[in-house]
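Novice: Need a 3D model of the following:
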Amino acid sequence: MQKISSFPPIVNKNSKILILGSIPGIKSLEMQQYYAHPQNKFWKIIFEILNEEFTTNYQQRIEILEKHHIALWDVIDTCERKGSLDSEIRNEEANKIEELLQNFPNIKAIFCNGQKSHKNLLKILGKKFRLPIIVLPSTSPAHAGLSYFDKLKLWYIILEKLQ
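Specialist: Next comes the predicted model:
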C-alpha cells in the first residue's frame, strides 16, 4: 500500500461548477496532473463538450477549465492504495469540500466523476445539501461499461449548469 495525497483544487472566484474525482491515480501522481493517464477520457470529453481544440499541454488545459468557469478537485485528501483502482483505496481522509464551497459561493452545481467520488461526497456533505449533485460515469479506463460516446452524451449535462 502506498500513501498518496490529492492535488490542490483548481478553482477561482468565477467557478460555476465543481467536478470531483476520487483521488489521482499512479500516472497522475507521477506527472503531477489531474487525469494524466492517456486512456482516461476526462480531457477529451471536456474539450469536446466545451467545443475547444484539444491539447495535451497541461497549463492550457487548466486555462480552458478556468475560461469555462469549471473547478476541479478530488473528494479524498489522503489515502493508502495499491495501484490506481478506487476499489483498492483504504484509510481515506476527506478533502474540505464544504470549506471550498463556502469560499467559492459562485459554485452552483457539483459533478462527480464516477460513483466513488459521489459516495464519498455524500459522506462528507450528508443528504441535505443545497447544491445539485450530479453523478456522471467515470472517465477512467477501468470503467469500461459504457463506450466513450455514451459517456460523452451523459457529460453534456455540464453545459446546462454553466449557463
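Novice: tell me which residues of the worst-scoring helix or strand of the chain on mean pLDDT are tucked away?
Specialist: Every helix and strand in the chain was compared by mean pLDDT, DSSP states H and E; the lowest is strand 2-5, with a mean of 90. Buried residues in strand 2-5, counted by 16 or more other CB atoms under 10 Å: Ile4. (Each C-beta comes from the backbone N, C-alpha and C, glycine too.)
Novice: CA-only coordinates of that strand, as CSV, when you get a sec.
Specialist: Written as CSV, here are the backbone C-alpha positions of strand 2-5 (Å, rounded to 0.1, in the frame of the first residue of the first chain):
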residue,chain,number,x,y,z
GLN,A,2,1.2,3.4,-0.9
LYS,A,3,0.3,6.6,1.0
ILE,A,4,-1.0,9.2,-1.5
SER,A,5,-2.3,12.7,-1.4
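Novice: tell me how far that strand is from the chain's mean position?
Specialist: Strand 2-5 has its C-alpha centroid displaced from the chain centroid by 18 Å (CA atoms, centre = their mean, to the nearest Å).
Novice: now what about it, what contacts it?
Specialist: Residues outside strand 2-5 that contact it (CB atoms under 8 Å, 6 or more residues apart in numbering): 23-24, 29, 77-82.
Novice: And stretch 52-65, by the same measure?
Specialist: So stretch 52-65 is in contact with 10, 31, 33, 43-44, 46-48, 50, 71-72, going by CB under 8 Å, 6+ apart.
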